[in-house]
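>>> A predicted structure for the sequence below; I have some questions about it.
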Amino acid sequence: MQNRASSVEKGRLITRRVFMLAAAKLILLGGITSRLYSLQISDREKYELLSDKNRIREWKTPPQRGFITDHFNNILADNDRVFQVHLDLDQIQDFNDIVFKLKNILELSNNELKKIYREKERLKPWDTLVASDNLTWTQFSKLNLYLHELEGVKPVVSSSRFYPYKNDLVHVVGYVGAASQKDIERDDIIKENLVPGLKVGKSGIEFAKEHQLIGRYGIKRYEVNSSGKRISQIDHIKETQGEKIKLTVDLEVQQLAQELLKGKAGSISAMDIYTGEIIAMASSPTYDPNKFTHGIGHKDWREIRDDPLKPLVNKSIAGLYSPGSTFKPLVALAALEFGTIDPERPILCKGHKHPYELYGVKYHCWKKNGHGYMKLRNAIKQSCDIYFYEMARLLGVDRLAIIAKRYGLGSNILKDTYFDEKRGVVPNTFWKKNAIGKSWYLGETVINGIGQGYIQTTPLQLCLMTAQIANGGYKIKPHIIKDENINYEKAKFRIANQFIKSPLNFSDEDDEKYLVDRKYNLYERLYKDPRNINFVKDAMFGSTNEQYGTSYKSRYDNLKYQFAGKTGTSQVKRITEEERKLDLDQSQIEYKNRDHALFVAFAPYKNPRYAISVLIEHGGSGSSAAAPLASKLIKKIIDRHKFREQINNGSSSLA
Amino acid sequence: MLTERLNTRNYTFFEKLKSVDYFLILIVMLIGAISVFAIYSTESGEFSFYTKNHLLRLIVFFGMFLVLSFIRITFWYKNAYIFYVFCISLLLITLFFGLMASGSRRWLDLYFLNLQPSEIMKIAIIVCFARYYHRIQTAEIQNYKFILVPLILLLIPCYLVIQQPDLGTSILIAGTGIIIIWLAGLNVKYFVYSGLLLIVSLPFAVSLLKPYQKSRILTFFNPDRDPLGAGYQIIQSKIAIGSGGFFGKGFLKGTQSYLEFLPEKHTDFIFTLFSEEFGFLGSIILLLLYILLIYRIISIGFYAKSFFSKLFCFGFASAIFLYIFVNISMVLGLLPIVGAPLPIMSYGGSSMLSIMLGLSIVMSCKIYSQDQISNY
């Protein structure tokens, strides 16, 4: 019985303890439930995000580059269809095997193989490797044939930069190449758009307008597993194309300019003298920008880089030259404005036997037998050096520098578009003290008067100088990217408007402000006395259209094309006494010592609209080497004028 | 004595069939069905290796459960110690001849099944303790002699399993044993004392842990310590469960498991997969099924006449709760990762065998609930 009693007691005890245990279990279950609640209901969003981060991976597709067109909407920088091979590294089991197969199918060279392996080192295991970005159609179709054996290899039809006019616009438009580490660090937008094989601008407009041109990358979202293998595509946001950039350049004029420069080293620039639109900016020799798109070969690169004629330099803006006699109209203008010369005063030029002498140093005129008695107009027309020596001496270099700077020399013109533009030098006494640390000599003033010595200008600066003389002496802003807010009518209106605000009065005190160095606003007048500008323009007319004028041979009698110009022949090297005695012809001198030939002009003479500057490196004399080219181009520009106007008025797309 | 013996009368087959607990069978079938779908989902909806094996085992062991249910409960009582010794010898054999896998020796190759004796030990310890306490008077339980014996009986298998090494199973066996000792009526003060002792000796115990075990515990406290290494499992498991939300991502749509972010998703992390696909709602339903299972086992214990049956049912119910609690807390990041399968749900033959064996003994308790067991 005791046994039974004990058994009952045991039963009670165990029942009690089971209930205690059950209570403990319920508490623990409550803990689990609240944990589940907090994970799945309170923090759900956080974990959903983490789960998506796990499973979704994004691949960028390359942005489409915007077009670059000329003034007539001809596409200068196009996008071409190219055939590429992409290797999805995450899908490839045996990389070496795939590359070996590709080598056989596409007949890749050892260099290309090396490039592929180098690229692979750089990439992450889920990246895409662009094994080749420019296959031929034969290669591409062969690849498609063998595709079943090549897991992870993707034939891709993509777009890439294509320059249909090849060499003709490389200095204007620039070229693209694969984005380098430097490009990525320099530019956040490039960094953002970075995809395998992205091409970015390396020079010219392509470089300067990268942000407008680049467009925006697309996104392909894939679901991936834990080892990064793609399972399915979830989303595809298409890439967008960059903005179209319209230039002020006229393709036909540019092509002719480039054609005229063929076989020479030099530059031709042309601009609208009222709007400042650059019609052509040619530089020679040139090269094919298409070669850079897919990575230029070593041989081609060496050829371009080591060419003594320096095709990589855009000579219109980055070539520095002594302006030579093309500077003379400005010297004359300065002397007239400051009143240091009487244009009617005759000066005698007696030839090489009796040169101009200053403190025992002799300064020769280019004409061996001398010009005889010259007044100012004739001195410009026939480009008499003796007259300008004397005039410069009377004027002084500091006054000359004020006027030279005002008309566009010695400062950047297109720096915000072309990072490689050079400023050149307009010397004065202050400059020499700073830059060289020596005092100015009067002899330096004298040679400065004929555009030699320290003075350094770019051909585009000379073109701007000519334009601002030709338009009557008004400030313009040269530009190469079309600005719809600027047109001829507005420019004319604003020029005319000036005189309503402050009519011309010839009182001395009011005009003093035109004789000091200061900033000028767009379309503000640059001259003190309009008669001085007209005098210079008239002298330039004489230089081209009157007998004994230096560019008389290149003239047009047809009023439509009639232009006024000024030749220049700039010495590269000091001429020694012995050489002067030998009186060598240019062809007998070593190429690198030959004179640069220059020519500046504006046309048509009545109602001028365009200015042009031509420079031929080591071309000899301006009148024989440069002026004829200018003459041909001026005709073309004037012929194209009516089409240009039609585009400006938006009346038709005739091109 | 004689009258008691007479109580162990024979039942007709029809009587036995009538007293089978069909509700328990239904719950087991439900959980079993869920488990098949869950394993099917781990294979991304392909009916292949794991699913086939799991389904086969489920059918075989479920059949075994039904058949063994008709073994008289006295059989288990009589053979309790033999069963215990048998399991201990299996553990010993395993220690010397077991299959080596990922650094531990846990399995015996039985050709049709790789048996994990430690899983069977989980049942054997309950049977053994139930038998032991069956004949001890309440007053005697507090006696040191009667405390020492079960402790030794418990420490032997725990030691052998730790040697494999398999900390998780060892802890589960120890936990089960301690719960039964508690149920048997040992004074609370002993539990309090040993609890204090455990806390005091904790630093010493930690120094005995293997480096990987230590790292698991450190990782438990801060999973971000090594997110791609030791902390990976727990981080990914939490992401999977959390992203499931209230209704879950849907059957076969659990991205974490389907895209292979979940480790061990067939076995220890099967709840994670289930919870990702069926959400908070599904998880609660699964938990409720388990609660019903446990409740049913406890209620069978209440109606059983013999102390052996009661103790076995209560002990087994508590053991199942312990397994579930440890497994789910682990995947929820509430406990460090130790190898502990989720009963019935997890892929694994031995675990399934052990649970089904335990259930068949429970069912035997039900069928023969009127059996009185004398103290021989």
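Received it, and whenever you're ready, just let me know what you need.
>>> okay, CA-based contacts and neighbour counts for the rest of this
OK.
>>> Quick check: next helix or strand after the helix or strand where B:Phe274 lies?
According to DSSP states H and E, B:Phe274 maps onto helix B:270-303. Once helix B:270-303 ends, the next helix or strand along the chain (criterion: DSSP H and E) is helix B:307-331.
>>> Now do the helix or strand following that following helix against helix B:270-303, angle only.
On the C-terminal side of helix B:307-331, the nearest following helix or strand under DSSP H and E is helix B:349-367. Counting by axes from the mean of the first three to the mean of the last three Cα atoms, to 10 degrees, helix B:349-367 points 20 degrees away from the direction of helix B:270-303.
>>> For helix B:349-367, output the C-alpha coordinates as CSV.
What follows is helix B:349-367, C-alpha atoms only, in CSV (Å, rounded to 0.1, in the frame of the first residue of the first chain):
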residue,chain,number,x,y,z
GLY,B,349,17.7,9.3,-41.9
SER,B,350,18.9,8.9,-38.4
SER,B,351,17.1,11.9,-37.0
MET,B,352,13.9,10.7,-38.7
LEU,B,353,14.5,7.1,-37.4
SER,B,354,14.9,8.4,-33.9
ILE,B,355,11.8,10.6,-33.9
MET,B,356,9.7,7.8,-35.5
LEU,B,357,11.0,5.3,-32.9
GLY,B,358,10.2,7.7,-30.1
LEU,B,359,6.7,8.2,-31.5
SER,B,360,6.1,4.5,-31.8
ILE,B,361,6.9,4.1,-28.1
VAL,B,362,4.5,7.0,-27.4
MET,B,363,1.9,5.2,-29.4
SER,B,364,2.6,2.0,-27.6
CYS,B,365,2.0,3.9,-24.4
LYS,B,366,-1.4,4.9,-25.8
ILE,B,367,-2.4,1.5,-27.1
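>>> Check which helices and strands that helix is in contact with.
Helix B:349-367 sits against helix B:13-19, helix B:49-68, helix B:73-78, strand B:114-115, helix B:117-134, helix B:270-303, helix B:307-331, with contacts defined as 3 or more Cα pairs under 8 Å, 6 or more residues apart in numbering or on different chains; DSSP states H and E.
>>> Save those as TSV, and put in mean neighbour count and mean pLDDT too.
Below are these laid out as TSV (neighbours: other Cα atoms under 10 Å in any protein chain shown; pLDDT from 0 to 100):
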stretch	mean neighbour count	mean pLDDT
helix B:13-19	12	87
helix B:49-68	17	94
helix B:73-78	18	92
strand B:114-115	20	89
helix B:117-134	25	94
helix B:270-303	22	95
helix B:307-331	25	94
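>>> Could I get these in TSV, plus columns for distance to A:Tyr556?
Listed next are those as TSV, based on distance: least, Cα to Cα, whole Å:
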stretch	distance to A:Tyr556
helix B:13-19	125
helix B:49-68	95
helix B:73-78	127
strand B:114-115	107
helix B:117-134	111
helix B:270-303	88
helix B:307-331	94
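>>> Let me have the ones you listed in CSV, adding distance to chain A as columns.
CSV is the format used below for these (distance: least, Cα to the nearest Cα, whole Å):
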stretch, distance to chain A
helix B:13-19, 22
helix B:49-68, 20
helix B:73-78, 17
strand B:114-115, 30
helix B:117-134, 9
helix B:270-303, 6
helix B:307-331, 7
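>>> just checking, what's the longest strand in the chain?
Defaulting to chain A. Assignment by DSSP state E gives strand A:75-88 as the longest strand of chain A.
>>> Oops, wrong one, chain B.
As assigned by DSSP E, the longest strand anywhere in chain B is strand B:104-109.
>>> in that one, what's buried?
For strand B:104-109, burial by neighbour count (16 or more other Cα atoms under 10 Å in any protein chain shown) applies to B:Arg105, B:Arg106, B:Trp107, B:Leu108.
>>> what sits against the closest residue to A:Asp78 other than its chain neighbours?
Excluding its sequence neighbours, the residue lying closest to A:Asp78 (Cα to Cα, 6 or more residues apart in numbering or on different chains) is A:Phe162, at 5.0 Å. The contact partners of A:Phe162, by Cα atoms under 8 Å, 6 or more residues apart in numbering or on different chains, come to A:Ala77, A:Asp78, A:Asn79, A:Asp80, A:Asn290, A:Thr293.
>>> circling back: could you give the angle of the longest strand of chain B to helix B:349-367?
Using the same axes, to 10 degrees: strand B:104-109 against helix B:349-367 is 70 degrees.
>>> Can you give the contact residues for strand B:104-109?
B:94-95, B:97-100, B:114-118, B:164-166.
>>> By mean pLDDT, flag the weakest helix or strand of chain A.
Ranked by mean pLDDT, DSSP states H and E, the weakest helix or strand in chain A is helix A:508-511, scoring a mean of 63.
>>> circling back: the longest strand of chain B - what's its average pLDDT?
Across strand B:104-109, pLDDT averages out at 87.
>>> Now the residue of the stretch 101-250 of chain A found nearest chain B, what are its backbone angles?
For the stretch 101-250 of chain A and chain B, the shortest gap (Cα to the nearest Cα) falls at A:Asn225, measuring 4.1 Å. The phi/psi pair for A:Asn225 (degrees, to the nearest 10) reads phi -100, psi -180.
>>> what's around it, how many residues?
21 (other Cα atoms under 10 Å in any protein chain shown).
>>> That one reaches A:Arg57, doesn't it?
No: judged on Cα atoms under 8 Å, A:Asn225 makes no contact with A:Arg57 at a distance of 9.6 Å.
>>> what sits in contact with each of these two?
Common neighbours of A:Asn225 and A:Arg57 (Cα under 8 Å, 6+ apart) do not exist.
>>> before we move on, back to that, out of the helices and strands packed on helix B:349-367, which is closest to A:Glu9?
The closest of these to A:Glu9 is helix B:307-331. By Cα to Cα, the value is 11.1 Å.
>>> Counting by contacts, list what that closest one packs against.
Right, helix B:307-331 is packed against helix A:2-37, helix B:117-134, helix B:167-184, helix B:232-244, helix B:270-303, helix B:349-367 by 3+ Cα pairs under 8 Å, 6+ apart.
>>> For A:Asp127, find the nearest of those.
Judging these by Cα to Cα, what sits closest to A:Asp127 is helix B:232-244, at 23.8 Å.
>>> hey, where'd the strands end up in the stretch 551-655 of chain A?
A:564-570, A:596-603, A:610-616 (DSSP state E, counting those that start in this stretch).
>>> Pull out the buried residues from whatever helix or strand A:Glu357 lives in.
Assessed by DSSP H and E, A:Glu357 sits inside strand A:356-358. Residues A:Tyr356 are the ones in strand A:356-358 that count as buried (16+ other Cα under 10 Å).
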